[in-house]
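Colleague: structure here, sequence nowhere to be found:
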């Protein structure tokens with residue numbers, strides 16, 4: 001199925017011979033109308049948070065791998081929901097965070113079917129795209145990250161920013177509430193640890209730790225440094241003030257340990273250099289905060305308390321949202337690792353130089369910056 005050619009669906013006429021044939025044709029009529037509406041909605045990226053091309057690619061990959069999404073007929077010969085309808089139902093639940101029974105009246109989706117669409121869709125996304133879009137950075141990626149972060153934040157050797165966020169668990173079992181509840185949250189929560197770069201790409205995501213833990217406890221359980229421990233991490237060094245360093249570092253807040261892989265701001269800066277470093281570090285560390293904000297804004301299911309009772313389903317939904325977030329960045333051409341050197345120079349280096357020139361010359365050149373960002 002190409003981007004510009006969609007199959008034409010003919011709406012069947014209602015039959016008046018018998019009640020069974022009438023109910024069958026009426027169901028097909030509703031399914032056809034809903035399917036045509038959903039295909040029209042895929043042209044708008046604001047509704048599905050992605051382009052029509054990417055949406056159809058995901059539907060095609062899922063249908064080829066998971067037979068559950070394929071349309072089939074029941075014993076009476078009535079056709080079930082198509083693959084586009086099932087994927088759309090799951091995407092709408094992720095994007096809007098609505099209840100599963102919201103799609104009963106308009107699309108004839110029962111509550112059970114809507115939940116199954118969401119669970120199977122998240123499993124399919126994690127199975128098909130998790131290895132590519134949740135991978136650790138390679139030597140090529142690290143080189144691009146060094147170049148972009150040094151041009152934008154003036155931090156040579158910076159891989160990304162690390163932080164944690166919480167997802168509330170509304171239907172947490174009573175036996176686990178003491179383990180997952182913390183005083184600063186209304187509901188029990190589950191923690192997501194992530195590393196994000198300036199382009200808001202998630203290079204690391206670890207989800208599932210109880211909400212009563214802090215960031216250090218999550219770090220000790222996550223797989224962030226597994227490759228370093230096994231000696232398989234990419235070695236791409238950098239030089240600062242004549243000193244050679246073998247590995248990069250992450251920007252973190254004050255709770256993390258004073259390790260060489262973390263660059264933290266001074267708690268009480270006194271000298272002028274310490275104040276400048278604290279200001280730059282706190283400004284650059286906003287990358288992961290912006291990534292969390294965009295993730296929750298794009299997928300409202302994370303912003304609202306989770307209604308699933310199974311923790312595994314909650315984890316699949318979180319990983320699916322992170323993977324889809326990275327897929328959209330790549331599809332839009334905003335990912336650092338998928339850009340050429342010329343594009344990186346245009347997006348990250350030139351706007352910084354232009355703003356520096358504007359600060360010195362007091363000239364209004366905002367229009368040029370907008371053109372360069374496009």
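Modeller: Arrived safely, thanks for sending. Everything numeric in this text was worked out from a predicted model, so none of it was measured.

Colleague: tell me the SS of residue 195?
Modeller: Here residue 195 takes the strand state, with states given by DSSP: H, G, I helix; E, B strand; the rest coil.

Colleague: my guess is it meets residue 204, correct?
Modeller: Yes: with contact defined as C-beta atoms under 8 Å, residue 195 counts as touching residue 204 (3.9 Å). Bear in mind the C-beta positions are built from the backbone N, C-alpha and C, glycine included.

Colleague: of those two, which one has the most company?
Modeller: Each of residue 195 and residue 204 has its neighbours counted (other C-beta atoms under 10 Å); residue 195 has more, 25 against 21.

Colleague: run through the residues that contact that one.
Modeller: Residue 195 makes contacts with 159-162, 202-204, 224, 250, 288, as judged by C-beta atoms under 8 Å, 6 or more residues apart in numbering.

Colleague: any idea what it is bridged to?
Modeller: According to DSSP bridges, the residues that bridge with residue 195 are residue 162, residue 204.

Colleague: look up how far residue 163 lies from it.
Modeller: From residue 195 over to residue 163 the distance is 8 Å, taken as C-beta to C-beta, to the nearest Å.

Colleague: now do the shared contacts for those two.
Modeller: Both residue 195 and residue 163 are in contact with residue 288, where contact means C-beta under 8 Å, 6+ apart.

Colleague: can you tell me the SS state at the residue nearest to residue 110 when sequence neighbours are not counted?
Modeller: Once flanking residues are discounted, residue 110 sits nearest to residue 104: 6.2 Å by C-beta to C-beta, 6 or more residues apart in numbering. Following three-state DSSP, we place residue 104 in the helix state.

Colleague: could I get the pLDDT score of residue 104?
Modeller: We note a pLDDT of 71 for residue 104 in this prediction.

Colleague: again, but for residue 52
Modeller: The per-residue confidence score, pLDDT, reads 87 for residue 52.

Colleague: quick one: residues contacting residue 290.
Modeller: Here residue 290 is in contact with 196, 200 (C-beta under 8 Å, 6+ apart).

Colleague: same thing but 10 Å
Modeller: Contact analysis of residue 290 by C-beta atoms under 10 Å, 6 or more residues apart in numbering lists 161, 196, 198, 200.

Colleague: off-centre distance for stretch 241-251?
Modeller: 29 Å (C-alpha atoms, centre = their mean, to the nearest Å).

Colleague: now it: mean pLDDT?
Modeller: For stretch 241-251, the mean pLDDT works out to 90.

Colleague: ends of that stretch, how far apart?
Modeller: End-to-end distance for stretch 241-251: 20 Å, by C-alpha to C-alpha, to the nearest Å.

Colleague: return the set of buried residues in it.
Modeller: The neighbour-count check on stretch 241-251 (16 or more other C-beta atoms under 10 Å) flags 247-251 as buried.

Colleague: tell me which of the contacts of residue 290 is nearest to residue 322?
Modeller: residue 196 (10.1 Å; C-beta to C-beta).

Colleague: ok, back up a step: who wins for most neighbours among the contacts of residue 290?
Modeller: With neighbours set by other C-beta under 10 Å, the maximum within the contacts of residue 290 is found at residue 161, which has 26 neighbours.

Colleague: I figured it hits residue 264, correct?
Modeller: No: no contact is recorded between residue 161 and residue 264 when judged using C-beta atoms under 10 Å, the distance being 11.3 Å.

Colleague: pull up the overlap in contacts between the two.
Modeller: With C-beta under 10 Å, 6+ apart, residue 161 and residue 264 have common neighbours 250-253, 281, 285.

Colleague: so which of these are in helices?
Modeller: Cross-referencing the shared contacts of residue 161 and residue 264 with the helices (criterion: DSSP state H) gives residue 281 as the overlap.

Colleague: keep only those of the shared contacts of residue 161 and residue 264 that are in strands.
Modeller: Counting by DSSP state E, the members of those that fall within strands are 250-251.

Colleague: turn the shared contacts of residue 161 and residue 264 into TSV, including distance to residue 142.
Modeller: TSV is the format used below for those (distance: C-beta to C-beta, whole Å):
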residue	distance to residue 142
250	12
251	15
252	18
253	23
281	20
285	19
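
Colleague: list just the nearest of the shared contacts of residue 161 and residue 264 to residue 154.
Modeller: Proximity of the shared contacts of residue 161 and residue 264 to residue 154 was ranked by C-beta to C-beta; the top entry is residue 281 with 10.5 Å.

Colleague: how much space separates the spatially closest residue to that closest one that is not a sequence neighbour from residue 335?
Modeller: Of all residues beyond its chain neighbours, the one nearest residue 281 is residue 265 (4.3 Å), with distances taken as C-beta to C-beta, 6+ apart. From residue 265 across to residue 335, the span is 27 Å (C-beta to C-beta).

Colleague: hey, where'd the strands end up in this structure?
Modeller: Secondary structure of the chain by DSSP E: the strands cover 158-168, 189-196, 202-210, 238-240, 243-245, 249-251, 262-263.

Colleague: tell me the domain boundaries of this protein?
Modeller: Domain segmentation of the chain under automatic domain parsing yields 19-132, 134-332, 340-374.

Colleague: so how far is the second one off the chain centroid?
Modeller: The reference is to domain 134-332. Distance, stretch centre to chain centre, for domain 134-332: 13 Å (C-alpha atoms, centre = their mean).

Colleague: one more: the first one?
Modeller: In terms of C-alpha atoms, centre = their mean, the centre of domain 19-132 is set 20 Å apart from its chain centre.

Colleague: show me where pLDDT drops low in the protein?
Modeller: When residues are selected by pLDDT under 70, those of the chain lie in 1-48, 105-107, 338-374.

Colleague: buried set for stretch 289-299?
Modeller: By neighbour count with 16+ other C-beta under 10 Å, stretch 289-299 contains the buried residues 291-292, 295-296, 298-299.
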